[in-house]
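Engineer: my questions concern the predicted model and sequence given below.
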Amino acid sequence: MRSVRHEDNKIVLIFQNKRYFANGSWFCTLLSLKIDKNQVSYMRFLKRIKKGKGFLAGVALSGVVFFFIQAKTEDSYFEVSKNLDIFATLLKTLNTFYVDPIEPGKLVKTGIDAMLEELDPYTNYITEADIEEYEFQTTGKYGGIGANMHKKGEDIYIGDVYENSPAQKAGLHPGDMVQYIDNQALKGKSIEDISILLKGAPGTQVTLKVKDTYTGAVSQKIITRGEIEVSSVPYAGFIGSEKNIAYVKLTQFTPGCSRLVRSALDSLMKVQPNLKGVTLDLRNNPGGLLDEAVNICNLFVDRGQLVVSTKGKLQDLDKDYKTLGQVWNKDVPLTVIVNHSSASASEIVAGTMQDLDRGVIIGQRSYGKGLVQNVHPLGYNARLKVTIAKYYTPSGRCIQALDYSHRSKEGIVPRFADSSKKSFKTVNGRTVWSGGGVEPDLKMMEEPISLLAITLYTKNYFFDYASDYVHAHSTIAKASDFALTDAEFNDFVKWLEPKDCAYKTETEIELDSLKAQAIKEKMYEGAKNEFEALKQKMGRDKKQDIMNHKEELKHMLEGEIVARYYFLRGRIAQGLAHDDELQKATYTIEHSNEYHALLEVKK
């Protein structure tokens with residue numbers, strides 16, 4: 001911690017819990033060293049000073065003049081100190097005089113969160129209560145039972161159950177109703193409240209009162225919590241017409257994920273020594289650890305290759321990250337699949353493979369998060385995750401898409417203008433651009449999900465029907481081969497008939513908006529008949545809507561059913577057969593001329 005203040009007409013510098021005093025204005029010149037911009041250089045200077053007798057005696061002043069920005073630095077520290085005093089006094093005053101009891105911790109968090117909203121969304125205050133959730137996001141581990149929950153009305157149900165988890169071993173099923181947790185009724189509780197009740201140190205016990213979705217029997221389940229680790233590599237297997245292309249799904253850059261990817265590739269290589277290619281799927285991967293991104297790149301490029309550089313306010317923290325280990329395979333054809341939700345470390349991998357012309361990037365433009373965060377302790381087990389730098393791929397480009405330093409008065413964050421984007425060159429001389437995510441070499445249109453599918457999903461109709469299906473079928477085909485027959489899908493359609501599947505199309509929403517505006521402007525009565533006629537023409541037959549979206553709904557239902565038997569890995573395997581981006585990746589690897597043409601400069 002560091003601060004500067006006045007005590008008894010002396011200037012006091014507090015740095016790393018040590019206090020340094022100086023009389024007069026000479027000490028103020030030390031502040032002109034821009035401590036915020038170069039802590040390391042400052043500390044070296046400080047150590048040299050301390051070698052002399054007293055604090056000042058050992059300094060040779062001749063030829064050394066410190067005078068610029070003295071007033072500015074003093075003003076900056078004074079502003080921080082002044083406003084901290086105001087904030088503390090305000091909180092104490094509220095606590096003493098406000099008519100109702102207050103929660104100081106809650107008020108402070110609200111104030112801090114509001115302050116951080118002025119910055120970027122990745123700079124966050126993490127309270128002691130939030131630590132477990134934060135660590136789960138960064139490590140994929142937590143103490144609990146290994147099942148998630150969802151609500152239907154006021155009732156709480158088991159959602160997904162993780163494979164080999166305490167929940168599975170205790171006999172919990174997706175769809176079971178949870179009535180009590182440790183004798184606490186769950187009516188009115190939020191999912192967040194329930195998550196707190198279920199989580200705890202591995203080895204401790206929690207008691208659930210559960211109504212079985214299949215038998216209707218109510219029983220108590222005493223479950224011993226375990227360390228739940230959600231693997232960042234939930235699926236790896238073979239794709240392609242000859243099943244000789246390795247496919248690996250990576251969901252997050254957690255500690256050790258590069259070892260998991262390497263292990264998956266080694267296992268596939270043992271089965272198929274003559275791999276024709278590798279497809280790395282980074283879709284919907286929000287990122288994670290930068291070091292792991294470097295290690296993933298190291299699987300496909302030699303030791304000593306620059307992967308990413310970070311540059312921020314503190315120059316001594318700027319760093320070049322290079323590959324350090326033995327390459328897994330530097331020659332095997334590689335495709336990397338990304339989409340709009342591929343961010344941060346995912347973009348480092350995709351951007352590096354693109355800059356080095358090491359692989360073909362397929363899908364949609366990535367998210368565009370080119371910012372690096374560090375976590376700093378604040379005391380009382382609270383932490384601050386703060387953006388400290390931007391990262392740059394080997395070509396020198398930063399893929400950050402939003403310009404948080406130029407937020408409008410309305411709070412809108414602009415994208416970097418096309419005119420501000422700069423061009424860079426890959427190893428082969430292809431042009432790539434900064435300021436907007438990683439643009440794929442092969443762009444694919446993202447297939448929009450229908451409003452009907454969204455409606456059925458949010459109302460848990462896929463989930464509920466899957467429970468009925470599992471109850472009637474003790475086994476199914478392996479995940480990659482499973483498909484509903486037309487007769488089975490028609491059974492689902494009949495099951496939906498009494499359900500509320502109402503939804504509004506975009507056109508209907510626009511019509512309602514137009515009607516509201518017409519009423520506001522007192523024009524509706526004159527056009528009422530036309531409005532009603534148009535509404536009638538747009539009226540839909542529910543059954544026909546379902547048949548129009550049959551393939552989409554069928555695939556979503558199949559995935560939900562397969563997950564009951566084969567968990568997340570089964571859901572992924574089942575979905576590969578209907579994956580356009582994956583089919584394009586497969587085609588590109590199998591047609592080597594097209595693969596190499598994409599990595600060459602177009603003449």
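Structural biologist: Done, it's in. The structure displayed is predicted, hence computed values, not measured ones. Residues are numbered from 1 along each chain as shown.

Engineer: mean confidence for stretch 413-429?
Structural biologist: Throughout stretch 413-429, pLDDT has a mean value of 89.

Engineer: ends of that stretch, what's the gap?
Structural biologist: Its first and final residues considered, stretch 413-429 spans 33 Å by C-alpha to C-alpha, to the nearest Å.

Engineer: what's in contact with stretch 511-526?
Structural biologist: Outside stretch 511-526, the residues that touch it by C-beta atoms under 8 Å, 6 or more residues apart in numbering are Lys504, Ala527, Phe531, Leu534, Lys535, Met538. All C-beta spots, glycine's among them, are computed from the backbone N, C-alpha and C.

Engineer: is it true that the last one touches Ile509?
Structural biologist: Meaning Met538. No. If you go by C-beta atoms under 8 Å, Met538 and Ile509 don't touch, sitting 11.0 Å apart.

Engineer: quick revisit: and the two most separated of the contacts of stretch 511-526?
Structural biologist: Distances among these were taken as C-beta to C-beta; the most separated pair is Lys504 and Ala527, at 20.2 Å.

Engineer: and the pLDDT for Lys92?
Structural biologist: 94.

Engineer: any idea how far it is from Ser342?
Structural biologist: Distance from Lys92 to Ser342, counting by C-beta to C-beta, to the nearest Å: 47 Å.

Engineer: comparing those two, which residue is more hemmed in?
Structural biologist: Ser342 (30 against 11; other C-beta atoms under 10 Å).

Engineer: excluding its backbone neighbours, what's nearest that one?
Structural biologist: Ser366 (4.4 Å; C-beta to C-beta, 6 or more residues apart in numbering).

Engineer: check which helix or strand the one you found maps to.
Structural biologist: Using DSSP states H and E, Ser366 falls within no helix or strand.

Engineer: hang on, it packs against Ser344?
Structural biologist: No. At 9.3 Å, Ser366 and Ser344 do not qualify as touching, with contact defined as C-beta under 8 Å.

Engineer: coming back round to it: what number of residues lie near the residue nearest to Ser342?
Structural biologist: 28.

Engineer: domain parsing for the chain?
Structural biologist: 2-82, 141-229, 235-446, 451-505+540-588 (automatic domain parsing).

Engineer: closest to Glu128 out of the ones you listed?
Structural biologist: That would be domain 235-446 among these, by C-beta to C-beta, at 4.1 Å.

Engineer: contacting residues for Arg397?
Structural biologist: Contacts of Arg397 by C-beta under 8 Å, 6+ apart are Gly351, Asp355, Lys422, Phe424, Val432, Trp433, Ser434, Gly435.

Engineer: and Asn374, bridged to which residues?
Structural biologist: Legend: beta-bridge partners of Asn374 under DSSP bridges are Val386.

Engineer: how about Tyr142, secondary structure?
Structural biologist: strand (DSSP: H, G, I helix; E, B strand; the rest coil).

Engineer: can you pull the pLDDT of it?
Structural biologist: 89.

Engineer: and what of Ser405?
Structural biologist: Value for Ser405, per-residue pLDDT: 85.

Engineer: residue ranges with poor pLDDT in this protein?
Structural biologist: Counting by pLDDT under 70, the chain contains low-confidence ranges at 1-75, 539-541, 603.

Engineer: include secondary structure when you put the contacts of Arg397 into TSV, please.
Structural biologist: Below are the contacts of Arg397 laid out as TSV (three-state DSSP):
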residue	secondary structure
Gly351	helix
Asp355	helix
Lys422	coil
Phe424	strand
Val432	strand
Trp433	strand
Ser434	coil
Gly435	coil
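
Engineer: farthest pair within those residues?
Structural biologist: Asp355 and Gly435 (15.1 Å).

Engineer: so how far is stretch 240-254 off the chain centroid?
Structural biologist: Taking C-alpha atoms, centre = their mean, to the nearest Å, one finds the center of stretch 240-254 at 20 Å from the center of the full chain.

Engineer: quick one: end-to-end distance for that stretch.
Structural biologist: End-to-end for stretch 240-254, by C-alpha to C-alpha: 28 Å.

Engineer: just stretch 275-294 next, same as before
Structural biologist: Per C-alpha to C-alpha, the first residue of stretch 275-294 is 23 Å away from its last.

Engineer: from Ser195, how far out is the spatially most central residue of the chain?
Structural biologist: In the chain, the centroid-proximal residue (C-alpha atoms, centre = their mean) is Pro286; its distance is 3.4 Å. Distance of Pro286 to Ser195, computed by C-beta to C-beta: 19 Å.

Engineer: could you look up the SS state of the closest residue to Thr213 other than its chain neighbours?
Structural biologist: Spatial nearest neighbour of Thr213, excluding adjacent residues (C-beta to C-beta, 6+ apart): Gly175 at 3.5 Å. Under three-state DSSP, Gly175 falls in the coil class.

Engineer: Gly175 - how many residues pack around it?
Structural biologist: Neighbours of Gly175 (other C-beta under 10 Å): 22.

Engineer: check contacts around Ile158.
Structural biologist: Here Ile158 is in contact with 147-149, 167, 172-178, 210, 213 (C-beta under 8 Å, 6+ apart).

Engineer: make sure it is indeed in a strand.
Structural biologist: Yes. The assignment for Ile158 (three-state DSSP) places it in a strand.

Engineer: for it, give the beta-bridge partners.
Structural biologist: Met149.

Engineer: for it, give its distance to Gln220.
Structural biologist: Counting by C-beta to C-beta, the gap from Ile158 to Gln220 is 15 Å.

Engineer: picking up where we left off before, nearest to Glu133, of the contacts of Ile158?
Structural biologist: Among the contacts of Ile158, and counting by C-beta to C-beta, the member closest to Glu133 is Asn148, at 13.0 Å.
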